[in-house]
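Undergrad: Give me the fold of what follows.
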Amino acid sequence: MLARRLARPALLLVALLVAACGGAPASGAPAASTAASSLPATGAPATTPPTPTALTVGLGYIPSVQFAPFYLADQAGYYRDAGLTVTFQNKIDPDLVTLVGQGSIDIGLADGTSVIPAVSQGIPVQYIATIYRDFPSIVFAKATSGITSAADLKGRKIGIPGRYGSSWVMLQALLGSAGLKATDVQIIEYPTYGQGAAVQQGAVDAATGFFNNEPVQLKLAGFNPVILHVDSIVALPGPGLISSKTTLSTKGAAITAFVAATLRAMSDIAANPTLGLDATIKVVPELAADRAAQAAILNATITAWKGTAANAPAMGTIDIAGWTASAAFMTTLGLVANPVKVEDLVRSDMLPH
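TA: Residues are numbered from 1 along each chain as shown. Next comes the predicted model:
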């Protein structure tokens, strides 16, 4: 999921995860005497509810439907019932990984391809739950461009937010599969994530993006999209939840509860997407003006959560073999400063059992 770098559909909306809220106790009951109020009906001393654990959670660059599970889990009270108070922040992926490693943010939603080089550079983060089972970064173009394979990208103008994160790794993998390098194409950078609009306007021939966002927007604009996936080349890990080793040690129980509550919300939305759309609109009311487009983006996002492979495991499951292959592949690209072991990158004991 995961540098990211997710842009709003007005610019190019991106979509993902869920939040929840709860009810307040009824008021107006008659007041009990001071003496009686200190004791429950059994006569035993009253107990003070445990203090909720506060967690700061870093999501993508801009609030969007892609974060529907976090919004729903918050609004439906899943986090509250798990003894948590959750605060959301929005950061681009490279900043997010560093802040999680420093402990400034407890949990982040980040690309697996950002975690691997970060850990190799000594940033103490680990990936604890998969959110996107299918790697969402792709290269897309209009069907009229004549681009149908990676080989067709040679000499073309390709839009990209920057030379970092999952889109950059994916692009190099795609080009490499056709015997090409980044120097064989014209890279046009769009730091404000305007590459999707650039494709629509013909400013570039193709661009990197997410299959649950930019191609959806392109189709809604009346163009037939062509999508080039990297999955058949290397099984790069998609965005998922990360935390620092220190935070996992000091807040392990709270993070385990957070993961379970978030995955519960994901399952709820997969069964009834309207729940996720409504929860997102409560956070970003202006998205209500483009509800049909947001619904299309969310449906594509749900597909990415579930994965398209047959007999896919439960949501959240971490593909250890895929992580091993990805670390090896990124090493061949020169993106891994020092050798890393898969046990340094991921841990699965925070997942529901």
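Undergrad: Would you double-check that residue 261 falls in a helix?
TA: Yes: under DSSP: H, G, I helix; E, B strand; the rest coil, residue 261 sits within a helix.
Undergrad: quick one: the nearest residue to residue 224 once chain neighbours are set aside and residue 227, what's the gap?
TA: Distance criterion Cβ to Cβ, 6 or more residues apart in numbering; nearest residue to residue 224, sequence neighbours excluded, is residue 143 at 4.0 Å. The way it works is simple: take the backbone N, C-alpha and C, and place the C-beta from them, glycine included. As for residue 143, its distance to residue 227 is 10 Å (criterion: Cβ to Cβ, to the nearest Å).
Undergrad: what touches both of the two?
TA: By Cβ atoms under 8 Å, 6 or more residues apart in numbering, residue 143 and residue 227 have no common neighbours.
Undergrad: Is residue 329 in a helix, a strand, or coil?
TA: Residue 329 is classified as helix under three-state DSSP.
Undergrad: what number of residues lie near it?
TA: Applying other Cβ atoms under 10 Å, we find 22 residues neighbouring residue 329.
Undergrad: Same check on the one 4 residues further on?
TA: Residue 333: 13 surrounding residues under other Cβ under 10 Å.
Undergrad: At which residues are the strands of the chain located?
TA: Taking DSSP state E as the criterion, the chain carries its strands at 53-59, 84-90, 107-110, 125-130, 137-142, 157-160, 186-189, 206-210, 225-228, 240-244.
Undergrad: what packs against the third one?
TA: In other words, strand 107-110. For strand 107-110, the packing partners by 3 or more Cβ pairs under 8 Å, 6 or more residues apart in numbering; DSSP states H and E come out as strand 53-59, helix 93-102, strand 125-130, strand 240-244.
Undergrad: Low-confidence bits of the chain, can you list those?
TA: For the chain, the stretches with pLDDT under 70 are 1-47.
Undergrad: show me where the stretch 151-300 of the chain has helices.
TA: Using DSSP state H, counting those that start in this stretch, the helices found in the stretch 151-300 of the chain span residues 165-177, 195-201, 214-220, 245-250, 252-271, 273-283, 291-306.
Undergrad: So which of the helices and strands packed on strand 107-110 is the most surrounded?
TA: Mean neighbour count (mean count of other Cβ atoms under 10 Å) peaks for strand 240-244 among those, with a mean of 27.
Undergrad: Show the contacting residues for residue 318.
TA: Residue 318 makes contact with 127, 129, 130, 240, 346, 348, 351, according to Cβ under 8 Å, 6+ apart.
Undergrad: about what we covered before: please render the strands of the chain as a markdown table that adds distance to residue 261 to the earlier fields.
TA: Shown next, in a markdown table, are the strands of the chain (distance: least, Cβ to Cβ, whole Å):
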| stretch | distance to residue 261 |
| --- | --- |
| strand 53-59 | 11 |
| strand 84-90 | 7 |
| strand 107-110 | 12 |
| strand 125-130 | 11 |
| strand 137-142 | 27 |
| strand 157-160 | 35 |
| strand 186-189 | 37 |
| strand 206-210 | 25 |
| strand 225-228 | 33 |
| strand 240-244 | 12 |
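Undergrad: Tell me which of the ones you listed sits nearest to residue 334.
TA: Checking the strands of the chain against residue 334 by Cβ to Cβ gives strand 186-189 as the closest, at 16.9 Å.
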